[in-house]
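>>> Got a predicted structure here, sequence first:
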Amino acid sequence: MAKSIMIQGTTSNAGKSFLAAGLCRIFHQDGYRVAPFKSQNMALNSFITRDGLEMGRAQVMQAEAAGKEPDVRMNPILLKPTSDMGSQVIVNGEVMGNLSAREYYRNKRALKPEVQRAYDSLAAENDIIVIEGAGSPAEINLKQDDLVNMGMAKLAGAPVLLAGDIDRGGVFAALAGTMLLLDDTEKPYVKGTVINKFRGDVSILEPGLRMLEDIIHIPTVGVVPYLRLDLDDEDSLTDRFARREKAAVDIAVIRLPRISNFTDFNPLEYLDGVSLRYAGSPEELGEPDLIILPGTKNTMGDLSWLRQSGLEAKILRHYAAGKPIFGICGGYQMLGLSISDPSGAEHGGEISGLGLLPFSTVFAAEKTRTRVSGTVPEVGGIFSGLSGKPYEGYEIHMGVTDTQAAVVSEGDVYGTYLHGFFDREEITKAVAEALFRKKGLDPSHVQAFDIASYKEEQYDKLAEALRQALDLERVYRILEEGM
């Protein structure tokens, strides 16, 4: 069985996902078979594996860092919020159902064997498992039947590194307070602390580190600087949503309340002369060159919000001005004539769409989960240059649309179910060139961007930064000694 080490944090967004990814990369570089693991992930950014199962994208990112094919065993429970009080619960890559928070916690104990089986299976095939916690282990109201923090550490016999975010302030109180709220069976699992996102002179911090060690009797294994790396973010906590800069070509993604898989659009950010930003109001939207309607976990609810916010009217004016619109998954469904949900799979009832694409969508009880590849069919309008380009991606949706085309176009309005559509260099280059030409600008400087190679560079930079910041000799000793 594999050795294991776990990253927990004092808060959400303490940097657990990136620290886990960095350790995965380091262990991979050092010649070990390593895999990431997070027993329960709450996220709207998800991925479909080659065997058609759904998992959180954070563990996909960590798998890439580990040099591994994403495997649903790395994330056996995925919660996709559908409202403030409930989520679609996905177990071992398949939909278990839509449950309220109370219903989920009532049934959580029954899921422990699934977590155990997934972890044991991965551990039998690897040398090291890097486990990520969720939120904070000091959520004292959620400790009973915990599957993702100290409950997971105990299940795996994994020593814990506790990370605190100094950029938010109060990191010493957060670390000491977390230890205070752990019980006597939990405290021995914490073998080291990590100060994350530090800006400044470490020598000024050192007296505080010594005082912290005297208080909690746990060594600090590293101070990690604030790293400006470009890795896939956990949804809702990303700083991508705050970007407002504009370039020669301005692309705006509608920030829907339940936006999902916004990582679909990351490749567009890397094109010279192109800016990608997120807009949640008519004022933020402004007058972009391209509007993208993204995926969502609540298509009908978010379409109602689009109307109430005034964004629908702004989008229709954009269309009337002859500017292009592109919809992905739920955003694609919104562009059609109507959406109906007779079985109550999502929202129930029926709602009219924006009426810009000639199809209707009916929600089904079964979710479509599949990886697909092919070539873009003949399309017209501004993006006619996409015709015949190779694509690959994956579909995750409940709705069935009465058209089988991979990409649908009507004038300058386009839609597809394919997540990852923009990952291909040929696709992003063709889109950017068309937008430059429409504005009367020279598109010749637009270069294809190799997103896969770029990600590999980022993982290597993350690993190098952690090698400099962490006491890796101590980390390996903690790993070897275990619990």
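That came through fine.

>>> Tell me where the chain is predicted with low confidence.
Along the chain, segments meeting pLDDT under 70 span 233-244.

>>> Spell out the residue ranges of the helices in it.
All helices of the chain, identified by DSSP state H, fall at 16-29, 57-65, 101-107, 112-123, 150-156, 171-181, 202-216, 282-285, 299-308, 311-320, 330-334, 425-438, 451-469, 472-481.

>>> any idea which of those helices is most buried?
Highest mean neighbour count among the helices of the chain (mean count of other C-beta atoms under 10 Å): helix 330-334, with a mean of 29. For the C-beta atoms, the positions are set from N, CA and C on the backbone; glycine is no exception.

>>> And the helices of the chain: which comes nearest V408?
The minimum distance between V408 and the helices of the chain falls on helix 330-334, with 7.6 Å, by C-beta to C-beta.

>>> who does the closest one touch, helix- and strand-wise?
Judged by 3 or more C-beta pairs under 8 Å, 6 or more residues apart in numbering; DSSP states H and E, the packing partners of helix 330-334 are strand 290-293, strand 295-296, helix 299-308, strand 390-401, strand 413-416.

>>> mind checking how far that helix is from the chain centre?
Distance, stretch centre to chain centre, for helix 330-334: 20 Å (C-alpha atoms, centre = their mean, to the nearest Å).

>>> now the helices of the chain in TSV, with distance to T263?
Output for those, formatted as TSV (distance: least, C-beta to C-beta, whole Å):
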stretch	distance to T263
helix 16-29	13
helix 57-65	6
helix 101-107	25
helix 112-123	23
helix 150-156	25
helix 171-181	28
helix 202-216	33
helix 282-285	20
helix 299-308	18
helix 311-320	22
helix 330-334	14
helix 425-438	14
helix 451-469	11
helix 472-481	29
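
>>> Looking at the ones you listed, which is nearest to N196?
Smallest distance to N196 across the helices of the chain (C-beta to C-beta): 6.8 Å, for helix 16-29.

>>> Just the CA trace of the closest one, in PDB.
Only the C-alpha atoms of helix 16-29 are listed here, as PDB (Å, rounded to 0.1, in the frame of the first residue of the first chain):
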ATOM      1  CA  LYS A  16      -4.600  23.300  -0.500                       C
ATOM      2  CA  SER A  17      -5.300  22.400  -4.100                       C
ATOM      3  CA  PHE A  18      -2.100  24.000  -5.400                       C
ATOM      4  CA  LEU A  19       0.100  22.700  -2.500                       C
ATOM      5  CA  ALA A  20      -1.200  19.200  -3.200                       C
ATOM      6  CA  ALA A  21      -0.600  19.600  -6.900                       C
ATOM      7  CA  GLY A  22       3.000  20.800  -6.200                       C
ATOM      8  CA  LEU A  23       3.700  17.800  -4.000                       C
ATOM      9  CA  CYS A  24       2.300  15.500  -6.700                       C
ATOM     10  CA  ARG A  25       4.700  17.100  -9.200                       C
ATOM     11  CA  ILE A  26       7.700  16.800  -6.900                       C
ATOM     12  CA  PHE A  27       7.100  13.200  -6.000                       C
ATOM     13  CA  HIS A  28       6.500  12.500  -9.700                       C
ATOM     14  CA  GLN A  29       9.800  14.200 -10.600                       C
END
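
>>> and it, how far out from the chain's middle?
Computed by C-alpha atoms, centre = their mean, the chain-centroid distance of helix 16-29 equals 16 Å.

>>> Make 19 the starting number, not 1.
Right, with 19 as the first residue, what we last looked at is helix 34-47.

>>> contacts for it?
Here helix 34-47 makes contact (C-beta atoms under 8 Å, 6 or more residues apart in numbering) with 23, 25-27, 52-54, 76, 79-81, 83-85, 145-146, 148-152, 179, 181, 212, 214, 242, 245, 247, 249, 252, 477-478, 480-481, 483-485, 490, 493.

>>> and T67, what does it touch?
73, 87-90, 111, 389.

>>> Just the buried subset of those, please.
73, 88-90, 111, 389 (16 or more other C-beta atoms under 10 Å).

>>> From those, which land in strands?
Applying DSSP state E to the buried ones among the contacts of T67, the entries found in strands are 73, 389.

>>> Going by distance to C347, which of the buried ones among the contacts of T67 wins?
R389 (14.4 Å).

>>> I'd like to know how far the closest one sits from V220.
45 Å (C-beta to C-beta, to the nearest Å).

>>> got it, and S57?
S57 sits 34 Å away from V220, going by C-beta to C-beta.

>>> Isn't Y207 up against A174?
No: counting by C-beta atoms under 8 Å, Y207 stays clear of A174, with 10.1 Å between them.

>>> Mutual contacts of those two, please.
Overlap between the contact sets of Y207 and A174, as judged by C-beta under 8 Å, 6+ apart, is given by M24.

>>> show me the contacts for K161.
For K161, the contacting residues are 168-169, by C-beta under 8 Å, 6+ apart.

>>> Check R51 too.
Contacts of R51 (C-beta under 8 Å, 6+ apart): 20, 143-146.

>>> Then D164?
Counting by C-beta under 8 Å, 6+ apart, D164 has contacts 155, 170.

>>> A61 is in contact with V78, isn't it?
No: with contact defined as C-beta under 8 Å, A61 and V78 do not form a contacting pair (10.7 Å).

>>> between the two, what contacts are shared?
Contacts common to A61 and V78, judged by C-beta under 8 Å, 6+ apart, are absent.

>>> number of nearby residues for N63?
Neighbours of N63 under the rule other C-beta atoms under 10 Å: 25.

>>> That one contacts Q77, correct?
No: applying C-beta under 8 Å, one finds N63 not in contact with Q77, separated by 10.6 Å.

>>> Show residues contacting stretch 450-460.
With C-beta under 8 Å, 6+ apart, stretch 450-460 has contacts from 266-267, 269, 286, 289, 291-292, 307-308, 342, 400-401, 403, 461, 464.

>>> could you dump the helices and strands packed on helix 348-352 to CSV with distance to I158?
Formatted as CSV, the helices and strands packed on helix 348-352 follow (distance: least, C-beta to C-beta, whole Å):
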stretch, distance to I158
strand 308-311, 41
strand 313-314, 33
helix 317-326, 33
strand 408-419, 35
strand 431-434, 45
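
>>> closest to S471 out of the ones you listed?
Taking these one by one with C-beta to C-beta, strand 408-419 is closest: 16.4 Å.

>>> Can you spell out which helices and strands pack onto the closest one?
strand 64-66, helix 348-352, strand 378-393.

>>> at 10 Å instead, please
Judged by 3 or more C-beta pairs under 10 Å, 6 or more residues apart in numbering; DSSP states H and E, strand 408-419 is in contact with strand 64-66, helix 317-326, helix 348-352, strand 356-359, strand 378-393, strand 431-434, helix 443-456.
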